[in-house]
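>>> I would like the atomic coordinates for the input below:
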Amino acid sequence: MKIRCPKLGDEVDFSYCKKENYGLPCPRTIICWSPYFDVEAILKKELTKEEWEKIFETPPKPKIVSLLELIEEAKKSTFKKKS
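Coordinates of the predicted model:
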C-alpha cells in the first residue's frame with residue numbers, strides 16, 4: 001500500500017516513512033498512516049523511549065533553522081571533497 005506523502009508530494013510506502021529521518025521514522029508518520037492501521041503501536045514496539053521522544057515529542061525546529069543547518073552541511077561536504 002502506498003499513500004501520498006505531504007512532505008515529498010509523491011506516493012510512498014510505510015517502509016520508506018519508517019526510515020526517512022536518517023534511519024528513523026518521519027515525524028509525520030503517525031499522522032499520515034493512522035487512518036489505515038495502528039501505526040503508533042507498531043512504532044512504539046520498534047523504537048526506544050529516547051527515539052520516540054526525539055521524533056514525536058520534541059517540537060520541530062523552525063524551517064529557517066533547518067535550512068541553515070542543511071546549507072552548513074552542504075558547505076562542509078563540498079569543502080571535504082575539495083581537500
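
>>> quick one: low-confidence ranges for this protein?
79-83 (pLDDT under 70).

>>> Quick one: the helices in it, in order.
Ranges of helices within the chain are 14-19, 29-33, 39-46, 49-52, 63-82, based on DSSP state H.

>>> In space, what's closest to the residue nearest the centre of the chain - neighbours in sequence excluded?
When C-alpha atoms, centre = their mean is applied to the chain, the residue found nearest the centroid is Cys26 (2.5 Å). Spatial nearest neighbour of Cys26, excluding adjacent residues (C-beta to C-beta, 6 or more residues apart in numbering): Glu20 at 4.3 Å. All C-beta atoms are positioned from the backbone trio N, CA, C, and that covers glycine.

>>> I'd like the distance from the one you found to Lys75, if you could.
24 Å (C-beta to C-beta, to the nearest Å).

>>> More neighbours: which of those two?
Between Glu20 and Lys75, counted using other C-beta atoms under 10 Å, the more crowded position is Glu20 (18 against 10).

>>> Quick check on the more buried one: phi, psi?
phi -60, psi -30 (degrees, to the nearest 10).

>>> who touches the residue lying closest to Thr29 once chain neighbours are set aside in this structure?
Counting by C-beta to C-beta, 6+ apart, Cys17 is the residue found nearest to Thr29 once chain neighbours are left out, at 4.6 Å. By C-beta atoms under 8 Å, 6 or more residues apart in numbering, the contact list for Cys17 reads 5, 25-26, 28-29, 32-33.

>>> Among those, which pair sits farthest apart?
Cys5 and Pro25 (12.7 Å; C-beta to C-beta).

>>> Between the two, which is the more surrounded one?
A direct count of neighbours by other C-beta under 10 Å for Cys5 and Pro25 places Pro25 higher, at 23 against 17.

>>> I appreciate the help and will end here.
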